[in-house]
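Q: okay, predicted coordinates and the sequence, questions at the end:
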Amino acid sequence: MKRRDFIQQASAGTALVTLGSLGLQSFTNKPKTTKVTILHTNDVHSHIDTFGPEDGRNANKGGVARRASLIDSIRKENPNTLLLDAGDIFQGTPYFNYYGGELEFKLMSKLKYDAATIGNHDFDNGIDGLYAQLPHANFQFLSANYDFSNTIMDTHTKPYQIFIKDGIKIGVFGLGIKLDGLVAPKMFKETKYLNPVEISQDMSRILKTEEKCDLVICLSHLGYHYRNSNKISDLSLAKATKDIDLIIGGHTHTFLPKPTVVKNKENKNMLVNQVGCYGINLGKIDFYFDSDKNKSANGTSIIV
Amino acid sequence: MRFTHFFILLYFLTFLNCKHEKSNLYKIEGKQIQVTDSIALDSEIEAFIKPFRDNIQKDLDSTLAYSAGTYSKNDGDFNTAVGNFMADAVYSEANPIFKSRTGKDIDLVLLNHGGIRAPLNKGSVSKRTAFQLMPFENSIVVIALKTSQINSLIDYLLKAKRAHPISKLKLTIDENFNLVDAKIKDEHIKNNHTYYVATSDYLYNGGDNMSFFKPNDSIYRINYKIRNALIDKFNKLDTIKPVIDDRFIQIK
């Protein structure tokens, strides 16, 4: 009995020493730096093929097969990559007219999209047409301000999702545009549109305060900005909210020379980005994290 | 002994917690990458798309009818053969649907000249032709307009001096572009009457400054794309031979 106790104590002691040194190592190692890459598209509108050489504005641009190689090379460089789409996946080429969005979803699944939000054109074959294509989508649909509870889409979307990349917690939530006046009511049926500002305030509280995400991203189809209008846009949403690091937008097909740095409600800098349309561009935002507090002591530097 | 295990576990958890130290965001870099032809095609994705593309191309290019000539939207002053074909097709294809749902007939059709996106070329006509003529996803809507709004619609056409495609409406103007005669379905326009005008949802929403559609008594969305009306018309015809006629003319 005594002897067993001794062995037990001895092994416990060894274990402690080993753990202790492991622990010490993890503290004495140089601070860990993690880079999270966010890739994004919006308003691809069924543009699966590259534009032809004859096309006036976009000759030889875009195309899913080229985007696939580009994304692949970025993922090889940084496996901590998320790929997101801000809606209006459907409508724009005969691929949609013939296959109803099947090929769009299958290709996005092959490209390993992580999440997408729902654009107004994604209702172009009705909410039933969208639902019918869901089996082809191997990625999550995010919408926090469409209440689908009285529709066939109920339980097929989530308000937000948390992704973890190398220990970094990334909360992504989705926002859709007001459908009244934009989509025929018989297409969206009983989908309820909820106020995006209020919903975003809830979402950022849940993701930042409760879930303690390191990064909060809003995937929005509200539109970049509306001149002479009170209509809610990504720029006005940014001003009215806090704790969102990046708004990825869509709908207005806005080609920006670079991501826009804007001030949020707390006068903190954040980013709003949109990459035009038709898969001509891929947005890439890199977030650098460090366990060393000193690096971020002077605030976050934004290079665009 | 159990306690020892518990302590080991406790130590383990403490150390694991140390490793879960909060990460601090210190730098953000953002840019946009253009998808150009300098990026290689992913051959697996390309091979996956090919059968879909081939199937669409085969279907888009199979012959539905023959066009007797080449008809461009620049061929006529106030009406064109291709515009007449499109407006007449909207009438003949949409009216049965509208009638079956409402019991009413469409009285006239108005499209816009700018909406004719390509000439109708001589020879084989296919679904691709319809996509070229009408690449947009615009749907046909029927709007109930009062006589006063019909007058605004006619004023618009007189001022526009363009061959906006019309069907079932007949306009004659003099050399000063003043109205000489206006008829709907060969009848003079009645006072205090409601006319059912078929147009595209794009124009209904103010496209080409057509502001006379609103307000209105009612709008009927028949859920039928202009392009599909053209395809259905192609399917019914063997030879397409539209003409410039007297539906909108100027007497000098």
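A: Yep, that arrived.

Q: can you point out the buried residues in stretch B:104-117?
A: Of the residues in stretch B:104-117, those buried under the neighbour-count criterion (16 or more other C-beta atoms under 10 Å in any protein chain shown) are B:106-113, B:115-116. (Glycine included, C-beta is placed from N, CA and C.)

Q: same list (those residues) but as JSON lines, adding pLDDT, secondary structure and distance to chain A.
A: Below are these laid out as JSON lines (pLDDT from 0 to 100; DSSP: H, G, I helix; E, B strand; the rest coil; distance: C-beta to the nearest C-beta, whole Å):
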{"residue": "B:Ile106", "pLDDT": "98", "secondary structure": "coil", "distance to chain A": "19"}
{"residue": "B:Asp107", "pLDDT": "98", "secondary structure": "coil", "distance to chain A": "23"}
{"residue": "B:Leu108", "pLDDT": "98", "secondary structure": "strand", "distance to chain A": "23"}
{"residue": "B:Val109", "pLDDT": "98", "secondary structure": "strand", "distance to chain A": "21"}
{"residue": "B:Leu110", "pLDDT": "98", "secondary structure": "strand", "distance to chain A": "21"}
{"residue": "B:Leu111", "pLDDT": "98", "secondary structure": "coil", "distance to chain A": "20"}
{"residue": "B:Asn112", "pLDDT": "96", "secondary structure": "coil", "distance to chain A": "21"}
{"residue": "B:His113", "pLDDT": "96", "secondary structure": "helix", "distance to chain A": "20"}
{"residue": "B:Gly115", "pLDDT": "91", "secondary structure": "helix", "distance to chain A": "17"}
{"residue": "B:Ile116", "pLDDT": "93", "secondary structure": "coil", "distance to chain A": "18"}
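
Q: quick check, nearest of those residues to B:Tyr224?
A: Here the nearest of the buried residues of stretch B:104-117 to B:Tyr224, counting by C-beta to C-beta, is B:Ile106; it sits at 11.8 Å.

Q: how near is that closest one to A:Ile244?
A: For B:Ile106, the distance to A:Ile244 equals 50 Å [C-beta to C-beta, to the nearest Å].

Q: what are the boundaries of the strands in the chain?
A: I went with chain A, as the question did not name one. For chain A, applying DSSP state E gives strands covering A:33-41, A:81-85, A:115-116, A:140-141, A:146-147, A:160-165, A:168-175, A:192-193, A:215-220, A:246-248, A:260-263, A:269-273, A:281-290, A:301-303.

Q: to clarify, I was referring to chain B.
A: Read by DSSP E, chain B holds these strands, from start to end of the chain: B:24-34, B:63-67, B:108-110, B:123-126, B:139-146, B:166-167, B:169-173, B:179-184, B:187-188, B:194-200, B:218-225, B:239-240, B:248-250.

Q: show me where pLDDT drops low in chain B?
A: Chain B contains residues with pLDDT under 70 at B:1-21.

Q: hey, which helix is longest across it?
A: For chain B, the helix that runs over the most residues, judged by DSSP state H, is helix B:81-102.

Q: for that helix, buried residues please.
A: By neighbour count, and taking 16+ other C-beta under 10 Å as the criterion, the buried residues in helix B:81-102 are B:81-95, B:97-98.

Q: also stretch A:180-192?
A: Those buried within stretch A:180-192 under the rule 16+ other C-beta under 10 Å are A:183-184, A:187-189, A:191.

Q: what is the nearest of those residues to chain B?
A: A:Ala184 (5.7 Å; C-beta to the nearest C-beta).

Q: what separation do you get for the nearest residue to the closest one once chain neighbours are set aside and B:Thr102?
A: The shortest distance from A:Ala184 to any residue other than its chain neighbours is 5.7 Å, reached at B:Arg221 (C-beta to C-beta, 6 or more residues apart in numbering or on different chains). B:Arg221 is 12 Å from B:Thr102, where distance means C-beta to C-beta.

Q: likewise B:Ile143?
A: For B:Ile143, the distance to B:Thr102 equals 12 Å [C-beta to C-beta].

Q: common neighbours of these two, please.
A: By the contact definition C-beta atoms under 8 Å, 6 or more residues apart in numbering or on different chains, B:Ile143 and B:Thr102 are jointly contacted by B:Tyr220.

Q: ok, which residues in the stretch 151-300 of chain A are in contact with chain B?
A: Taking C-beta under 8 Å from any C-beta of the partner chain as the contact definition, the stretch 151-300 of chain A meets chain B at A:167-168, A:184, A:186, A:214-215, A:245, A:256, A:258-259, A:271, A:273, A:275, A:279-293, A:295-296, A:300.
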